[in-house]
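Asks: I would like the atomic coordinates for the input below:
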Amino acid sequence: MEERILRLNDVLKVTGIGRSSIYELQKQGLFPKSIQIANTCKVGWLNSEVQTWIQKQIAASRNAIAQNENAA
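Replies: Just a heads-up that it's a prediction; the model follows:
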């Protein structure tokens, strides 16, 4: 699979969360770290890392729902 660098607007679209949340989660170590693009002020995120983060969010959400259903 070919790796792709996502810019912030792409990350916002695919995750559904806001800019400040992305940076706060990244600061807390809960979101993939951005990378600097070609010695510029621009940054991006590796698509594979963002997709892995999304899959983990889905799994955590579904596990929480299943636990709540089992507790009821």
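Asks: helix or strand: which one has the residue positioned nearest the centre of the chain?
Replies: Nearest to the geometric centre of the chain sits Val50, at 4.2 Å (CA atoms, centre = their mean). Assigned by DSSP states H and E, Val50 belongs to helix 47-71.
Asks: name the residues of that helix that come out as buried.
Replies: For helix 47-71, burial by neighbour count (16 or more other CB atoms under 10 Å) applies to Asn47, Glu49, Val50, Trp53. Where you see a C-beta, it was placed from the backbone N, CA and C, and this is true even at glycine.
Asks: of those, which is the nearest to Glu3?
Replies: Comparing the buried residues of helix 47-71 against Glu3 with CB to CB places Asn47 closest, at 6.6 Å.
Asks: mind listing what the closest one touches?
Replies: Glu3, Arg4, Ile5, Leu6 (CB atoms under 8 Å, 6 or more residues apart in numbering).
Asks: make it 10 Å
Replies: Met1, Glu2, Glu3, Arg4, Ile5, Leu6, Asp10, Val11, Val14, Pro32 (CB atoms under 10 Å, 6 or more residues apart in numbering).
Asks: and it, how close does it get to Val14?
Replies: 9 Å (CB to CB, to the nearest Å).
Asks: many thanks, I have nothing further to ask.
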